[in-house]
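Novice: Give the three-dimensional model of this entry:
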Amino acid sequence: MNKYKSKITTIDGIKFDSSHEANRYCELKLSERAGKIQDLQLQVKFELIPAQYEHFERYGKNGKRLKDGKKCIENACSYIADFVYTENGQKIVEDTKGFKTKDYIIKRKLMLFVHGIKIKEV
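Specialist: I've put the predicted structure just below:
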């Protein structure tokens, strides 16, 4: 059980965060076998905001300038879709949701703004 009281479920050797997500996987696998959908993918990562770096100058012990360095000051912000597949020639990004967190809602909005993708919620 996790903090949202969903039960981790394993199907085909794949661990899913909830039984709802596992059941949806089974439905999508059947749809793929029937030819209704193609190219089913799980846990696809979409970058929403790239990592931010700070550049700095580096010097050796002898005072000679070395290759400039960079330090990550903000990690990238990404959204990981539960499922991505093609249906009728259109790419579908799908998320199984029992509870919509504030983080998810912001990432859903960023997916539409940055990638022009509206997430299908099941």
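Novice: Do you have the helices of this protein handy? List them.
Specialist: Assigned by DSSP state H, the chain shows helices spanning 19-33, 102-110.
Novice: In TSV: those, plus mean neighbour count.
Specialist: Yep, even glycine has a C-beta here, placed from its N, CA and C like the rest. Putting the helices of the chain into TSV (neighbours: other CB atoms under 10 Å) gives the following:
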stretch	mean neighbour count
helix 19-33	16
helix 102-110	14
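Novice: of those, which approaches Arg65 most closely?
Specialist: Arg65 lies closest, by CB to CB, to one member of the helices of the chain: helix 102-110, at 39.1 Å.
Novice: Which elements pack onto that closest one?
Specialist: Contacts defined by 3 or more CB pairs under 8 Å, 6 or more residues apart in numbering; DSSP states H and E place helix 102-110 against strand 38-49, strand 77-87.
Novice: picking that back up, mean pLDDT added to the helices of the chain, as a markdown table?
Specialist: Output for those, formatted as a markdown table (pLDDT from 0 to 100):
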| stretch | mean pLDDT |
| --- | --- |
| helix 19-33 | 97 |
| helix 102-110 | 97 |
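Novice: so which of these comes closest to Asn62?
Specialist: Among these, the nearest to Asn62 by CB to CB is helix 102-110 (46.9 Å).
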